[in-house]
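Novice: just need the structure, nothing else, for what follows:
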Amino acid sequence: MEKISRTKVVDVLRRTDYGAVVNVKGWVRTHRSSKAVEFIHINDGSTIKNVQVVVNPEDFDADVLKQVTTGACISVNGVLVESMGAGQASEIQGKEIEIYGLCGNDYPMQKKGQSFEMMRKNAHLRLRTNTFGAVMRIRHNMAIAIHDYFHKNGFFYFHSPIITGSDCEGAGQMFQVTTKNLYDLKKDKDGKIIYDDDFFGVQTSLTVSGQLEGELGATALGAIYTFGPTFRAENSNTPRHLAEFWMIEPEVAFIDLEGLMDLEEDFIKHCVRWALDNCKDDLEFLNKMVDKTLLQRLNSVLEGSFVRLPYTEGIRILEEAVAAGRKFEFPVSWGMDLASEHERYLVEEHFKRPVIMTDYPKDIKAFYMKINDDDRTVQGTDVLFPQIGEIIGGSVREENYDKLMGEIERRGIPFKDMWWYLDTRKYGSCPHGGFGLGFERLILFVTGMQNIRDVIPFPRTPKSAEF
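Specialist: I've put the predicted structure just below:
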């Protein structure tokens, strides 16, 4: 085959210099044959769209064409021509075909409607399907949108540690990190493991959050954001939980509750707007094939302001709904942590737009949240979205040393794990706040996918760590 520089499919489909000789490489989506003409659709992952290669079977060895099966990897040289068929402006008249990789008829991703469950069992191959190609391109674009937003707004990208000795207020069960021989553990007289001979000399785990370290960054750099993997060793086999996921956690000095809610709303709208502006083809595909209300829902987020709702008022609305006959699986009362069904009722049925809920009871929130003057509630903020429920959780942090120490003691949190965090309140303390956004929750919303395992390339869940 003559050496011609490769052109990506996304770029070939934009070209109108008909008559040019081009080369495309990729994987065969479909191959339709007849006596007079053959149609080969090739995709290389650069776009949801395929390029059509039209082949005259008389110009090729029949044995070569038989090897061009769904999933095979090929290189094609041909002439770019204006397409006579519907659905594409350009196509390629194939002149030369080279086969890089054969693909038998036992290929699991044949062109037919596979279930998502079946595709999860073949996560190493599902990325080649239209649906997962679209999701992964959107995932990339959302990462770019996040960096773009914070960079343009004067935040510094801050790398918090993945291996940590703190558990960020008990945000979840942790995965231990150790080099110890688990078959021969050294223990003290009380049966507790001695970590003196371990790699770090203390018990360490994979992080559940970069927030505490992020606060240190904010008190030095003014405004930072973390964006990295986090880990929860909770046995939660649900469509909304992963053991390994990615978190975005900005922290800002000198921000108050109103400023924090403004930041949350502006940030999430930026991400949705970015998706609509930069992922048009993929979103239209997902709107057609996965969730026919997707584009409408994304546009609705941009249309108006988010509702700002105190927790106590939210409970009153839910109690009135129950009194009017609305059935919930979990009972409603002041002091409870809202379930997803309560959050979705407020967003989808009552207000019909996103809600930022504030001023939660202090006993159901973390120790570091700033306590209001009523001594019952804290300046926490949860952003609640349609279909997802909570997508962002944040708060103004308690900057007063004595008040923070009081909460640490009240909750029995070991001081030895918190001394360095308390130092930020001892030396030049400042008002500050921030939030956490689960990246996969954002991707769920933007793609319309129903299971969080389908918006990350290789999901890590209980009893599942393949690929």
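Novice: can you tell me, leaving aside adjacent residues, what's nearest to residue 346?
Specialist: Among residues not flanking residue 346 along the chain, residue 355 sits closest, at 5.4 Å (CB to CB, 6 or more residues apart in numbering). (Glycine included, C-beta is placed from N, CA and C.)
Novice: actually residue 215, not the one I typed
Specialist: residue 251 (5.3 Å).
Novice: that neighbour contacts residue 222, correct?
Specialist: No: in this structure, residue 251 is not within contact of residue 222 by CB atoms under 8 Å, at 9.6 Å.
Novice: who's more crowded, those two?
Specialist: residue 251 (31 against 16; other CB atoms under 10 Å).
Novice: quick one: the more buried one from residue 379, how far?
Specialist: Relative to residue 379, residue 251 is positioned 15 Å away (CB to CB, to the nearest Å).
Novice: repeat for residue 348
Specialist: 26 Å.
Novice: what about those two, which has more around it?
Specialist: Neighbour count, other CB under 10 Å: between residue 348 and residue 379, residue 379 has more, with 22 against 16.
Novice: just list what whichever strand or helix holds that one packs against, helices and strands only.
Specialist: Using DSSP states H and E, residue 379 falls within strand 377-385. In terms of contacts (3 or more CB pairs under 8 Å, 6 or more residues apart in numbering; DSSP states H and E), strand 377-385 is packed against helix 257-278, helix 340-344, strand 355-361, strand 389-397, strand 432-438.
Novice: just the angle for it relative to strand 432-438, thanks.
Specialist: 30 degrees (axes from the mean of the first three to the mean of the last three CA atoms, to 10 degrees).
Novice: what pLDDT does the residue of the chain positioned farthest from its centre get?
Specialist: In the chain, counting by CA atoms, centre = their mean, residue 58 sits farthest out from the average C-alpha position, at 48.8 Å. Confidence at residue 58, expressed as pLDDT, is 92.
Novice: right, and the helices and strands packed on strand 377-385 - which one's nearest residue 1?
Specialist: helix 257-278 (34.6 Å; CB to CB).
Novice: against which helices or strands is the closest one packed?
Specialist: Looks like helix 257-278 contacts helix 130-152, strand 244-253, helix 294-303, strand 355-361, strand 377-385, strand 389-397, strand 432-438, helix 439-447 (3+ CB pairs under 8 Å, 6+ apart).
Novice: which residues are contacting the first one?
Specialist: Read that as helix 130-152. Outside helix 130-152, the residues within contact range by CB atoms under 8 Å, 6 or more residues apart in numbering are 43, 45, 48, 119, 126-127, 157, 225, 227, 248, 250, 267, 270-271, 274-275, 278-279, 282-283, 285-286, 289-290, 439, 442-443, 446-447, 449, 454-457.
Novice: extract the CA atoms of it and return them as CSV.
Specialist: Extracted in CSV, the C-alpha atoms of helix 130-152 (Å, rounded to 0.1, in the frame of the first residue of the first chain):
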residue,chain,number,x,y,z
ASN,A,130,-20.9,4.1,19.6
THR,A,131,-22.4,4.6,23.1
PHE,A,132,-19.2,4.3,25.0
GLY,A,133,-17.2,6.2,22.5
ALA,A,134,-19.7,9.1,22.9
VAL,A,135,-19.5,8.9,26.7
MET,A,136,-15.7,8.9,26.8
ARG,A,137,-15.4,11.8,24.4
ILE,A,138,-17.9,13.7,26.6
ARG,A,139,-15.9,12.7,29.7
HIS,A,140,-12.8,14.2,28.2
ASN,A,141,-14.6,17.4,27.3
MET,A,142,-15.9,17.7,30.8
ALA,A,143,-12.4,17.4,32.2
ILE,A,144,-11.3,20.2,29.8
ALA,A,145,-14.3,22.3,30.8
ILE,A,146,-13.4,22.0,34.5
HIS,A,147,-9.7,23.0,34.0
ASP,A,148,-10.9,25.9,31.7
TYR,A,149,-13.3,27.2,34.2
PHE,A,150,-11.0,27.3,37.2
HIS,A,151,-8.0,28.5,35.2
LYS,A,152,-10.0,31.5,33.7
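Novice: tell me the contacts of residue 236?
Specialist: residue 462.
Novice: dihedrals phi and psi, it?
Specialist: When read as degrees, to the nearest 10, the backbone of residue 236 gives phi -110, psi 100.
Novice: just to revisit the earlier point, what's across from the residue nearest to residue 215 in the sheet?
Specialist: residue 224, residue 434 (DSSP bridges).
Novice: look up how far residue 214 lies from it.
Specialist: 4 Å.
Novice: overlap of the contact sets of these two?
Specialist: Joint contacts of residue 251 and residue 214 (CB under 8 Å, 6+ apart) are 224, 225, 434.
Novice: can you show me the helices along the stretch 101-250 of the chain?
Specialist: 116-121, 123-126, 130-152, 211-221 (DSSP state H, counting those that start in this stretch).
Novice: near residue 311, how many other residues are there?
Specialist: Neighbours of residue 311 using other CB under 10 Å come to 22.
Novice: actually residue 447, sorry about that
Specialist: 27.
Novice: show me what contacts it?
Specialist: 134, 135, 138, 286, 290, 294, 455.
Novice: with residue 240 instead?
Specialist: 340, 389, 441, 452.
Novice: equivalent analysis for residue 271, please.
Specialist: 142, 145, 146, 149, 442, 446 are the contacts of residue 271 under CB under 8 Å, 6+ apart.
Novice: okay, now the unreliable bits of this protein?
Specialist: 111, 167-172 (pLDDT under 70).
Novice: again, 50 this time
Specialist: 169 (pLDDT under 50).
Novice: mind listing what's buried in stretch 92-100?
Specialist: 92, 94, 95, 97 (16 or more other CB atoms under 10 Å).
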